[in-house]
Each structure stands twice: as C-alpha cells, then as structure tokens.
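Undergrad: Prediction below, plus the sequence it came from.
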Amino acid sequence: MKKLKLFTVLLAMLILVTPVLTACGSGDNDDTLVIYDGQFSEMRIIHQMVKLLVEQDTDLTVEIRDEMAPPASYDQVVAGEADLTNSYDGTLLTTFLHLDPVDVPEGMTLYDFVNEQALEQDNTRLLGKLGTNNTYAVAAPQHIIDQYQLETISDLAEVADELVFAAEHDFFTEEGSAKYNPMVEFYDLDFKEGRQIDISLKYSAINSGEVDVTVVYATDGLNKEAELVILEDDRNFFPEYNGALLVNDDIFEKFEEKAPNLEEVLEQLTGQISDEEMVDMTYATDVGIDGETSTPEAEARKFLEAKGLLK
C-alpha cells in the first residue's frame, strides 16, 4: 500500500512538471528573439548589431546560438525555430529558392522579385537593404594579374589551363546557380585544377603560391590582407548579393506585445553600411590592427555608436 501511494505521488508530480519542461524547450518564448550565428565575420557582426539594438530599444532578449550553414539557418527561420538571420538577395534567389537571375522579370529588381517569391513560398522576406553588396568575386594575387595581364574573368579563358583555382566547399556545391561548375561553363574556363579547400586554409594557400585564382566575397577583409585583385565580372555572371535581414513574416506578430516597435528597430540598419565600412570591420575581426584582432561584438558596438544608434 505504501508503495502504491508513493507511486501515485510521483506520477502526480511528473504530470505537473512535464508541461513546464515542454514549454521551456518549445521555442515559443515570446521574450527571446533567436538567431543562429553565421559562418563568416560579416554575418556575426550584423547579428551583434541586431542584438545590441533590439535589447536597447525593446523588452526582448536576443539569443545568438551556435553557427549554422546558411541553408540550415534558413530552414530554421522557415520553420519558426529561428526568427531572423543576416542574408543576401542573391543567396535567397539562387541557394534558397533555387532560381536564376534570368528568372527575374524584366523591369523588376532581383531584391523585389525574391521578396515576392519568398513570402509566397516560405513566409519569409527581406527587410531593407543594409547597403552592402557582398557578391561573389573572382580574384588573384597581384603577381598573377601582372604575369597574365588579367582584368576581367573572360581574360582567364586563354590561360586557365596554367592556373590552379581553389575555393571553399560551398562554392563547389550544386545548391544555387552561381557556383563553380556553372561559372566555368559560362566563361569557358578549363583550369589546370579546380580544388576544394577549407575556407580557413584558402588565404594561406594563396599566399604560399599553391593557389593562383580563387573566389571571394567582395566585403571580406581577408582580401585586403592577401592583397588580392578582383577581376571584373564582365559578363555579369554573379547576381547582386545585397545584404539584408531575412525574417519569418510572423516575427512581428509573435513579438507584438513585448516589442511592438521591432520592425522599426531592425530597419534602423537599412542603408547604414557601405562595402568599405564592412571591409574595415571584417579586417579588424579576421586579421587585426597592429597585431590585435577585434571581435564581432566590439566592431558592432563601435559602428553603431559612430552612427549614433546606441545611446
């Protein structure tokens, strides 16, 4: 009898506790805005800007979780498990929606087109353009530029068989049309070798002479460190990659009680960041100034203070 009573008490306690545990892990917390961090300094810096502004100007807490690859992070936003992420209209077009620049109707901007498509298909949309255009770019060290007299990507066609091309694994995937195989076919490039390389090793491989040509992000501070020269995309293969905050369209209703001004707070970043400013911030984070590297949080805070956005 005593065992039966004990069992009954324990069962009752379990029933009472279970809903609490479920609620804690549900992801429906209307006090916390969730972001999965990016793999690159630019995304991390933008996410820190969001955190600083949202926590200053609303009653929300921002939780920045461990980094995810962009497609996985997008899936989390679509599913409502994350609330926003830093992204780009070109990424939304080619990688997330699996469309091409040729799909953009004449007279319509890529940005407006992908916003229309994403809202209809996934209930996601981009907020205002931040000001950066972090497009892919083909680049080479100065000595390669001088040796082969290169100015445009088309110039590579005559000498590609003498050059080693390398880029991070993501550029060799089939997700999106602006990747390695479509690029070499479009520009008729037959490189001596097309090599996948870990992104952390790419710049050291260029500096050591193992790699002659690579693809970079236009606002990456490491381009400055490696003294790379960007070749003109003379046939406009790469689409624009205008930086913008990508949100689940339900986010503002979700946080209406705690942050009725959330969209206004986030839109404070619209048009604020130039390519040159982002290069300087990523350079300080990835390379450092006078031997000292900065952090995404420190760069975000310094930038927002300079713009008068932090009190």
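TA: Thanks, I have the structure now.
Undergrad: Verify the contact between Asp89 and Val114 for me.
TA: Yes - the criterion here is C-beta atoms under 8 Å, and Asp89 meets it with Val114 at 5.2 Å. Any C-beta I mention is one placed from the backbone N, CA and C, and that applies to glycine too.
Undergrad: for Lys258, what are its contacts?
TA: Asp30, Asp31, Thr58, Asp59, Leu60 (C-beta atoms under 8 Å, 6 or more residues apart in numbering).
Undergrad: if we can go back for a sec, compare Asp89 and Val114 (neighbour count), which wins?
TA: More neighbours surround Val114 than the other of Asp89 and Val114, with 30 against 25 (other C-beta atoms under 10 Å).
Undergrad: Hmm, the more buried one is touching Thr95, no?
TA: No - contact between Val114 and Thr95 fails when scored by C-beta under 8 Å: they sit 10.8 Å apart.
Undergrad: related to what we said a few turns ago, now the contacts of Lys258 as JSON lines including pLDDT and distance to Leu228?
TA: Compiled in JSON lines, the contacts of Lys258 are given as follows (pLDDT from 0 to 100; distance: C-beta to C-beta, whole Å):
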{"residue": "Asp30", "pLDDT": "82", "distance to Leu228": "46"}
{"residue": "Asp31", "pLDDT": "93", "distance to Leu228": "44"}
{"residue": "Thr58", "pLDDT": "97", "distance to Leu228": "40"}
{"residue": "Asp59", "pLDDT": "97", "distance to Leu228": "45"}
{"residue": "Leu60", "pLDDT": "98", "distance to Leu228": "40"}
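Undergrad: which among the residues you listed gets closest to Lys254?
TA: Asp30 (6.4 Å; C-beta to C-beta).
Undergrad: Quick check: the gap between the closest one and Gly308.
TA: Distance, Asp30 to Gly308, by C-beta to C-beta, to the nearest Å: 30 Å.
Undergrad: Neighbour count for those two, which is higher?
TA: When neighbours are counted by other C-beta under 10 Å, Asp30 and Gly308 differ, and Asp30 comes out ahead with 12 against 7.
Undergrad: roughly how far apart are Phe113 and Phe186?
TA: Where Phe186 is concerned, Phe113 sits at a distance of 21 Å (C-beta to C-beta).
Undergrad: ignore the last one, Arg195
TA: 19 Å.
Undergrad: Which neighbours in the sheet does the helix or strand hosting Leu33 have, and how are they oriented?
TA: Secondary structure from DSSP states H and E places Leu33 in strand 32-36. Within its sheet, strand 32-36 is paired with strand 61-65 (parallel), according to DSSP bridges.
Undergrad: List the buried residues in the strand it pairs with.
TA: Val62, Ile64 (16 or more other C-beta atoms under 10 Å).
Undergrad: Report the mean per-residue pLDDT for stretch 298-305.
TA: Stretch 298-305 shows a mean pLDDT of 98.
Undergrad: for that stretch, which positions count as buried?
TA: Glu299, Ala300, Phe303, Leu304.
Undergrad: count of neighbours near Phe96?
TA: If we define neighbours as other C-beta under 10 Å, then Phe96 has 24 of them.
Undergrad: Kindly report the same for the one 10 residues further on.
TA: By other C-beta under 10 Å, the residues close to Glu106 number 4.
Undergrad: Any chance of the backbone angles for it?
TA: As for Glu106, its main-chain torsions (degrees, to the nearest 10) stand at phi -60, psi 130.
Undergrad: on that earlier part again, could you provide the contacts of Lys258 in JSON lines, with additional columns for distance to Ile251 and secondary structure?
TA: What follows is the contacts of Lys258, written out as JSON lines (distance: C-beta to C-beta, whole Å; DSSP: H, G, I helix; E, B strand; the rest coil):
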{"residue": "Asp30", "distance to Ile251": "11", "secondary structure": "coil"}
{"residue": "Asp31", "distance to Ile251": "14", "secondary structure": "coil"}
{"residue": "Thr58", "distance to Ile251": "12", "secondary structure": "coil"}
{"residue": "Asp59", "distance to Ile251": "15", "secondary structure": "coil"}
{"residue": "Leu60", "distance to Ile251": "11", "secondary structure": "coil"}
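Undergrad: Leu310 - nearest residue in space that isn't next to it in sequence?
TA: Using C-beta to C-beta, 6 or more residues apart in numbering and skipping residues adjacent in sequence, the residue nearest Leu310 is Leu304, 4.5 Å away.
Undergrad: In contact with that neighbour, which residues?
TA: Here Leu304 is in contact with Met49, Leu52, Leu53, Leu310 (criterion: C-beta under 8 Å, 6+ apart).
Undergrad: Neighbour-wise, which one of the residues you listed leads?
TA: Met49 (28 neighbours).
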